[in-house]
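**Student:** just a sequence and a predicted model for now, questions to come.
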Amino acid sequence: MIGTIIPILQVLLNVVWWIVVVDIVLSLLISFNVINRYSDFVRTVTDALRRLTEPMYRPIRRILPDFGPLDFSPMVVLVLLQCLSIILIRMALAYP
């Protein structure tokens, strides 16, 4: 039973990891004016990414101190996702 759930959870963690990475890259490109924020496509992608990532970022932002314009919550989410992935790998090895 656990042997079938763990690979599914690993795939979901990988998908969430890539969503966070794309959100980080897109926000950097927007902040450095590489991508036009007023484009309909960019606005749609940005809104979709914000809706997906904001529930993960919000609790971390409450805990982290204010660093001004820098937002470290995506990096914390990536570290937590990596920790969860390691835990899942160890569980997969323990319960074959």
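**Tutor:** Structure's in. What do you need?
**Student:** please enumerate the helices of this structure.
**Tutor:** Along the chain, counting by DSSP state H, helices occupy 2-31, 40-63, 73-94.
**Student:** in the first one, which residues are buried?
**Tutor:** Meaning helix 2-31. 6, 9, 13, 16, 17, 19, 20, 23, 24, 26, 27 (16 or more other CB atoms under 10 Å). In short, each C-beta sits where N, CA and C put it, glycine included.
**Student:** and those residues, which is closest to residue 95?
**Tutor:** residue 6 (8.0 Å; CB to CB).
**Student:** pLDDT score assigned to that closest one?
**Tutor:** On the pLDDT scale, residue 6 is placed at 89.
**Student:** distance check, the residue nearest to it when sequence neighbours are not counted against residue 79.
**Tutor:** Excluding the flanking residues, the one nearest residue 6 by CB to CB, 6 or more residues apart in numbering is residue 92, at 4.5 Å. Separation of residue 92 from residue 79 (CB to CB, to the nearest Å): 21 Å.
**Student:** residue 44 too?
**Tutor:** Residue 44 is 29 Å from residue 79, by CB to CB.
**Student:** then residue 85?
**Tutor:** 11 Å.
**Student:** again with residue 65
**Tutor:** Counting by CB to CB, the gap from residue 65 to residue 79 is 17 Å.
**Student:** how close does residue 45 get to residue 61?
**Tutor:** Counting by CB to CB - residue 45 and residue 61 are separated by 22 Å.
**Student:** no wait, residue 79
**Tutor:** Distance from residue 79 to residue 61, by CB to CB: 15 Å.
**Student:** so for those two, which residue has more residues nearby?
**Tutor:** residue 61 (13 against 10; other CB atoms under 10 Å).
**Student:** might you report the residue contacts of the residue sitting nearest the centre point of the chain?
**Tutor:** Nearest to the geometric centre of the chain sits residue 20, at 2.8 Å (CA atoms, centre = their mean). Residue 20 is in contact with 53, 56, 74, 77, 78, 81, counting by CB atoms under 8 Å, 6 or more residues apart in numbering.
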